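K.L.:
What shape does this take:
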Amino acid sequence: MSSKAETKGESTHVENYNMDEIKPTISQTESITKPDVPIISEELQHNLEIPDSLKHLSEEEFKALEIKTRRKIDFRILPMVVFIYILNYLDRNNIASARLGGLEEDLGLKGNQYQTCISILFVGYILMQIPSNMILNKLGKPSLFITVIMTAWAIISTCTGAVQSYKGLMVVRLLLGFVEAGFFGSCLYYLSCWYSRKELGVRNSILYSGSLFSGALSGLIASGIIEKMDHVRGLRSWRWLFIIEGCITVGTVPFAYFILPDMPSNTKFLSQQEKDIIMWKLRAEVGQDDSDSENQESYKSTLLLALKDIKVWCVTGILSFIVSAAGVTNFFPSVVETLNFDRFTTLGLTVPPYILAVIATWIWARHADKTGERFWHVVIPLFFSLISFIIAVATTNVGARYFAMCLMIPSIYCSFTTVLSWMSNCVPRPPLKRAIALSLMNCLSNSASIWNSYLYPSSAAPKYLIAFVCNCVFVVCAICIALILRTRLMVLNNRIERGTMNWEKELGKGNDGSKITPDFRFLF
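P.N.:
Next up is the predicted model:
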């Protein structure tokens, strides 16, 4: 399908939506939702040159090689990035468990000082988001980039066990935010360089399961350390919590460096044939892969390209409101504490909601990838989270409130993980634009964490009325923006179908879309 410039009568500032444009055609709907759509279209196979190493393969041999290579990549990358993410979340959020171990009393924190220490981390986290992904894109060596920032955050987190004052805790948390900033956004970009759009949802969900596992493990580890290690060698138990978890991360660094591969084009653990099939599949999806020389755009022009893209801002808006509602996870032990159990039981009760979340997000992401649908996979869980917030604020009954807690964590994260994949689906190429878009999304969405910690002061217990009412508003706003994004993507897909898509506006100057696969459609 050839691309044509958009008609001159169309404003570059205000979209004039035609209702016919918004209705998806039958062929468009099938290409998006049909689970057995081939990854590589028949038309594209004739137009896209097959690497020499793959030309002699039969259809069965090609498919077998593709499956074998994908499994090989899965087993090499996913276990390690998930384990690193577990450590990342443990080192960042163990302060919530340390609070129950006497951190506030020992450091003499008063008023909102604890909340400020939570918030200050995200100042550094936000400032370093976009630069870190741009550095990774330029460096092209995730194994080096990720292990360097791992070492830095592990050392700083361990030092938290030595702080003696409010000011010391503030400095350590600010520095921790700076060095942790590069990890999650770089992992999203890293996975998008290895997997196609239809494979990415499950992998992003598996990645994010690391944070959910850490939520479960955090309660178990903290309950053991805080109960058994208080005053061991003269140190309070919350100090041991930071020291032990930080040392585990440091010990993981050498393994991560040697296990994680770099990019498909320069990795050493795949054969040339396996490299070719991965890069060819990525190129087949959108007409180019991340190693193409034409992808070396200037940073300034690509930054502007991302900033001008409505899709980027819509996905960022959705995730920002979801993260705002998910702020409850930073105070989950304190919220569970309102059920009035002892400290050991309270930490134990934080585990089941996260176990449920791991199972739910994996099933949900798998279904989203199988169907190719995104909108309802974002919105439906948000309705359940809305119900959970209403229950939490409406009653103090122990059973009802714990049911709400077990519902809110899985529902929030089912939606969250789908949105992470939606950004890569909305901005598949050029790769630098995708890297910037993912960083911008992660950066701005986490800005909510600077202020929403103030919604959970100890004085607001047990109902945390203002916090849960605000969470309801956040969820409704996320649903509204998701509807706007869905409408926008339907319009763009119809323009692609009719040959009126302005690819230069999407891909940058000089790109007419001629290399984009004819059956490419944005997923919604």
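K.L.:
Report all helices and strands that the longest helix along the chain contacts.
P.N.:
Assignment by DSSP state H gives helix 59-100 as the longest helix of the chain. With contacts taken as 3 or more CB pairs under 8 Å, 6 or more residues apart in numbering; DSSP states H and E, helix 59-100 sits against helix 113-127, helix 142-159, helix 166-192, helix 197-228, helix 237-259, helix 272-286, helix 332-337, helix 343-349. C-betas here are computed from N, CA, C, even on glycine.
K.L.:
which one of these lies closest to D106?
P.N.:
helix 237-259 (7.4 Å; CB to CB).
K.L.:
angle of the closest one against helix 166-192?
P.N.:
30 degrees (axes from the mean of the first three to the mean of the last three CA atoms, to 10 degrees).
K.L.:
tell me the mean pLDDT for helix 237-259?
P.N.:
Averaged across helix 237-259, pLDDT comes to 91.
K.L.:
now swap in stretch 191-211 and tell me
P.N.:
Here the average pLDDT along stretch 191-211 is 80.
K.L.:
With just CA atoms, put that stretch into CSV.
P.N.:
Output in CSV follows, covering the C-alpha atoms of stretch 191-211 (Å, rounded to 0.1, in the frame of the first residue of the first chain):
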residue,chain,number,x,y,z
LEU,A,191,12.7,-5.7,25.5
SER,A,192,11.2,-3.7,22.6
CYS,A,193,14.5,-4.2,20.7
TRP,A,194,14.2,-8.0,21.0
TYR,A,195,10.5,-8.7,20.7
SER,A,196,7.7,-7.9,18.2
ARG,A,197,4.7,-5.9,19.1
LYS,A,198,2.5,-9.0,19.6
GLU,A,199,5.1,-10.7,21.8
LEU,A,200,5.8,-7.6,23.9
GLY,A,201,2.8,-7.5,26.2
VAL,A,202,3.5,-10.8,27.9
ARG,A,203,7.2,-10.0,28.2
ASN,A,204,6.5,-6.6,29.8
SER,A,205,4.1,-8.3,32.2
ILE,A,206,6.7,-10.9,33.1
LEU,A,207,9.2,-8.0,33.7
TYR,A,208,6.7,-6.1,35.9
SER,A,209,6.0,-9.3,37.8
GLY,A,210,9.4,-8.6,39.4
SER,A,211,7.9,-5.6,41.3
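K.L.:
mind checking how far that stretch is from the chain centre?
P.N.:
9 Å (CA atoms, centre = their mean, to the nearest Å).
K.L.:
Pull stretch 117-137 out as PDB, backbone CA atoms only.
P.N.:
Coordinates of each C-alpha in stretch 117-137 appear next as PDB, following Å, rounded to 0.1, in the frame of the first residue of the first chain:
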ATOM      1  CA  CYS A 117      11.700  11.200  52.200                       C
ATOM      2  CA  ILE A 118       9.400   9.000  50.100                       C
ATOM      3  CA  SER A 119       8.800  11.800  47.600                       C
ATOM      4  CA  ILE A 120      12.400  13.100  47.200                       C
ATOM      5  CA  LEU A 121      13.400   9.800  45.500                       C
ATOM      6  CA  PHE A 122      11.200  10.600  42.600                       C
ATOM      7  CA  VAL A 123      12.800  14.000  42.000                       C
ATOM      8  CA  GLY A 124      16.000  12.400  41.000                       C
ATOM      9  CA  TYR A 125      14.100   9.500  39.300                       C
ATOM     10  CA  ILE A 126      12.300  11.900  37.000                       C
ATOM     11  CA  LEU A 127      15.200  14.100  36.100                       C
ATOM     12  CA  MET A 128      17.300  11.200  34.800                       C
ATOM     13  CA  GLN A 129      14.600   9.200  32.900                       C
ATOM     14  CA  ILE A 130      15.000  10.700  29.400                       C
ATOM     15  CA  PRO A 131      18.800  11.100  29.500                       C
ATOM     16  CA  SER A 132      19.300   7.500  30.600                       C
ATOM     17  CA  ASN A 133      17.400   6.000  27.700                       C
ATOM     18  CA  MET A 134      19.100   8.200  25.200                       C
ATOM     19  CA  ILE A 135      22.500   7.100  26.700                       C
ATOM     20  CA  LEU A 136      21.400   3.400  26.300                       C
ATOM     21  CA  ASN A 137      20.300   4.000  22.700                       C
END
